[in-house]
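1. When you get a sec, could you give me coordinates for this:
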Amino acid sequence: MSLQPRNRVWRKAFERFEYGVDHRSHVVRFGTYGIQAQGPFPKQDFMKFTAKQIEAVRRALSKKLKPDGGGGRSRRNVKVWMRIFPDRPCTRLTPESRMGKGKGDVDHFAAAVRPGQVIIEFGSAPRKVVEDAFKYAADRIPFRVRLVERQTPRFRSALERPPGLQTVLERRSAGSEARSTLSVVPNPVN
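-> Below is the predicted model:
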């Protein structure tokens with residue numbers, strides 16, 4: 001089944017252009033590893049990633065990202081997060097039609113990918129399995145990509161924080177309300 005928006009206000013849309021490097025979704029946020037688009041793209045500032053291509057990459061990753069490397073009959077897959085969605089309608093005129101007669105019908109949907117954008121993330125697995133899955137999935141992506149890793153670990157409790165950080169809870173009373181602010185202060189070096 002192809003990915004597409006459930007309902008749209010307008011069936012066809014103008015071509016929207018996005019310029020420059022992506023500074024919003026360039027960091028791995030959900031998983032441990034991610035696939036990041038690399039620029040510059042030829043002749044334009046963004047690339048179209050169609051719904052069929054996205055589904056092919058998702059299937060390739062779910063096939064290869066298993067704890068046993070995809071060779072055995074493991075039931076547990078590694079979780080995959082798709083950070084893009086094909087929301088742009090791409091139209092096409094019928095073949096051998098003459099110029100004019102209006103805009104063509106919607107042929108497929110695509111997502112606009114900018115350089116530096118993390119398009120897919122996945123959970124932790126052995127490094128060898130991750131590299132093999134990345135190479136297998138990168139063959140199905142129509143632009144250059146690279147494998148990126150999460151930079152900062154998630155802290156679930158105060159026990160898992162690195163020894164260089166210490167949290168200080170300050171309470172200040174302003175009238176009848178008590179405000180609490182949480183600030184991170186480095187530990188003094190002895």
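2. G34: what secondary structure?
-> strand (DSSP: H, G, I helix; E, B strand; the rest coil).
3. got a list of what it touches?
-> G34 makes contacts with 28, 83, 118-122, 147-150, as judged by CB atoms under 8 Å, 6 or more residues apart in numbering. C-beta: built from backbone N, CA, C; applies to glycine.
4. Can you go through those and name the buried ones?
-> Neighbour counting with 16 or more other CB atoms under 10 Å marks 28, 83, 118-122, 148, 150 as buried within the contacts of G34.
5. what's the burial count for R98?
-> 6 (other CB atoms under 10 Å).
6. Also T91?
-> Using other CB under 10 Å, T91 is surrounded by 15 other residues.
7. Not counting sequence-adjacent ones, nearest residue to it?
-> G104 (4.4 Å; CB to CB, 6 or more residues apart in numbering).
8. Which residue, other than its chain neighbours, is closest to Q38?
-> R144 (4.1 Å).
9. Show the contacting residues for the one you found.
-> 37-39.
10. From the residues you listed, pick the one nearest R88.
-> Checking these against R88 by CB to CB gives A37 as the nearest, at 16.0 Å.
11. List the contacts of that closest one.
-> Applying CB under 8 Å, 6+ apart, the residues near A37 are 22, 47, 113-119, 143-145.
12. Tell me the buried residues in the helix or strand harbouring C90?
-> Using DSSP states H and E, the element containing C90 is strand 88-92. Neighbour-count burial for strand 88-92 flags 88-90 (criterion: 16+ other CB under 10 Å).
13. do stretch 33-52 as well
-> 33-37, 39, 41, 46-51.
14. Could you double-check that E55 lies in contact with S2?
-> Yes: judged on CB atoms under 8 Å, E55 makes contact with S2 at a distance of 6.8 Å.
15. These two - which one has more neighbours?
-> With neighbours defined as other CB under 10 Å, E55 and S2 compare such that E55 has more, 16 against 11.
16. what helices or strands is the helix or strand hosting that one leaning on?
-> For E55, the host element (DSSP H and E) is helix 51-64. If you count contacts as 3 or more CB pairs under 8 Å, 6 or more residues apart in numbering; DSSP states H and E, helix 51-64 packs onto strand 80-82, strand 105-113, strand 118-122, helix 127-138.
17. can you put these in a markdown table and add mean pLDDT and distance to A13?
-> Below are these laid out as a markdown table (pLDDT from 0 to 100; distance: least, CB to CB, whole Å):
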| stretch | mean pLDDT | distance to A13 |
| --- | --- | --- |
| strand 80-82 | 89 | 21 |
| strand 105-113 | 88 | 9 |
| strand 118-122 | 92 | 21 |
| helix 127-138 | 90 | 29 |
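18. Which one of the ones you listed lies nearest to L65?
-> helix 127-138 (4.9 Å).
19. Could you list the paired strands of the next helix or strand along the chain from that closest one along with their orientation?
-> Per DSSP H and E, the first helix or strand lying C-terminal to helix 127-138 is strand 145-149. Sheet pairing of strand 145-149 (DSSP bridges) gives strand 33-37 (antiparallel).
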